[in-house]
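>>> Okay, predicted coordinates and the sequence, questions at the end:
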Amino acid sequence: MALRFDKNKVPHIDLGSNLQISLDFTEYNDKQSLDKAWQELHETSETIEVRLKELRQLLKNEKDLNIPIDDDAFLIRFLRPRKFHAERAFETIKGYYKMKANKDFVLDNISAKAISVALEERVIQLYPLRDQHGRRIVYMEAGSNWNCSKVPFPEVIRATHALLTLLSLEPRTQLNGIVFIVNFDRLSFSHLGQFKPKFMNNVLDYGQRYAPMRIKSINIINNTTLFNILFQVCKPFLGQKWGQRIHFHGSSIEALHNQIEPHCLPAKLGGCMDLIDYEGRVLVEFLEQFQDKFDELNCYGYRQKDK
C-alpha cells in the first residue's frame, strides 16, 4: 500500500490486488453515461449551452460573489446536481457561498493538512470501487472506532466536505452521485454529546440544499437504541428527499447489500472486495497532491464588505 504516480505523474493509492484509489477529472463520453445523463439530468450538448448562458446571466447580478463565471466546468459542477435547472443551480451557488462565509461552519480554508487527523484516525474512508450504479462509496465511523476526543464532530464534517469537494470535481461522480455507509457500532453517550442541534441543523441544511453533489443514499449500519435518540434530534431537519434516502440496516448485512452490491464492499461489510485496511496517512498524502485545487476553490466566495 503506497502513494504512486503513473507515467503522466497522476497520483493514485496502490492497494494491491489490482485495487487503487484515484480521481478522474475527465468528461465522460461513453454511450452509457451520455444516455444516463439525458435520462436523469436532461443533459445534452444543447442543454448545457443554454443553461450555462442562463446561469451566467443570473450570476452577473450577484455583484459581491467572486467565482469563475466563465469557467464551464465550474458551473456545470453546480448544474448537474440540479438537473440543469439554472435557477436552482443559482440558488445552490448563493447558498453554498453564504455558508462558506460563515466562519462558524467548516467550508472555508480546506486543505489536506487541515483534515489530516480525521483521515489518519480513519474516521472517513474512500473505497476504491464505485457501486453497481457508478456511485462513489464513502465509509464513515461514528461509533466505537471514532475517537471523538481526537476528532470532534465538526472536524469529521470538515474532512467529509474536503473529500467530497474533490469527488464533486469528477464528472462521473457529478452524474452518478455518492453513497455513504455510516457505522454507529457501540455508539456511546460521549459520542452523542458531539451532535449539537444547531450544528446538525447547519450540516443537514448544507447537505440537502447547498452541497453541489448528488447524495444518493445514506446507509446506517449497527444502529442501536442510543442511535434512535440521535435520530430524533436530526429528524426535524430532514426534508422528504433525504428522509427517503436514509436506510437503517441495523446488523443486517443482507439489507446493506440490497443497496450496495457485495462486489464493491470489503469483507468486514460482507463483501468480496479484497481490500486491506489502508493507513489514513496515505490518504492524506494522496489529497496533498490536489492542494492546488483546494487553494483555487478557497479563493472563491462573497467579498467581505468594508466595515
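Thanks, I have the structure now.
>>> Please report the number of neighbouring residues for the closest residue to Q132 other than its chain neighbours.
Spatially, and ignoring its direct neighbours in sequence, Q132 is nearest to E261 (4.5 Å; CB to CB, 6 or more residues apart in numbering). Heads up, the C-betas are built off the backbone N, CA and C, glycines and all. Using other CB atoms under 10 Å, the number of residues around E261 comes to 14.
>>> Am I right that E261 is in contact with D131?
Yes - contact status for E261 versus D131: in contact at 6.5 Å, counting by CB atoms under 8 Å.
>>> Pull up the overlap in contacts between these two.
Residues touching both E261 and D131 (CB atoms under 8 Å, 6 or more residues apart in numbering): none.
>>> Could you pull out the buried residues of the worst-scoring helix or strand of the chain on mean pLDDT?
Least confident helix or strand of the chain, by mean pLDDT, DSSP states H and E, is helix 225-234 with a mean of 86. By 16 or more other CB atoms under 10 Å, the buried positions in helix 225-234 come out as F227, L230, C234.
>>> Stretch 77-90 too?
R77, F78, L79, R80, P81, R82, F84, H85, A86, A89, F90.
>>> Roughly how far does the residue nearest to Q132 sit from G250?
E261 is 19 Å from G250, where distance means CB to CB, to the nearest Å.
>>> Point out where the stretch 1-150 of the chain drops to low pLDDT.
Within the stretch 1-150 of the chain, no range satisfies pLDDT under 70.
>>> For it, which segments are assigned as strands?
Assigned by DSSP state E, counting those that start in this stretch, the strands in the stretch 1-150 of the chain fall at 2-5, 11-16, 19-21, 65-66, 124-126, 136-141.
>>> In JSON lines: these, plus distance to E49 and mean neighbour count.
What follows is these, written out as JSON lines (distance: least, CB to CB, whole Å; neighbours: other CB atoms under 10 Å):
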{"stretch": "strand 2-5", "distance to E49": "36", "mean neighbour count": "13"}
{"stretch": "strand 11-16", "distance to E49": "33", "mean neighbour count": "17"}
{"stretch": "strand 19-21", "distance to E49": "34", "mean neighbour count": "17"}
{"stretch": "strand 65-66", "distance to E49": "22", "mean neighbour count": "14"}
{"stretch": "strand 124-126", "distance to E49": "33", "mean neighbour count": "22"}
{"stretch": "strand 136-141", "distance to E49": "28", "mean neighbour count": "21"}
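>>> need those in TSV with distance to N298, can you?
Output for the strands of the stretch 1-150 of the chain, formatted as TSV (distance: least, CB to CB, whole Å):
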stretch	distance to N298
strand 2-5	23
strand 11-16	20
strand 19-21	23
strand 65-66	11
strand 124-126	20
strand 136-141	22
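>>> between those strands, which one is nearest to A159?
Closest to A159 of the strands of the stretch 1-150 of the chain, according to CB to CB: strand 124-126, at 5.1 Å.
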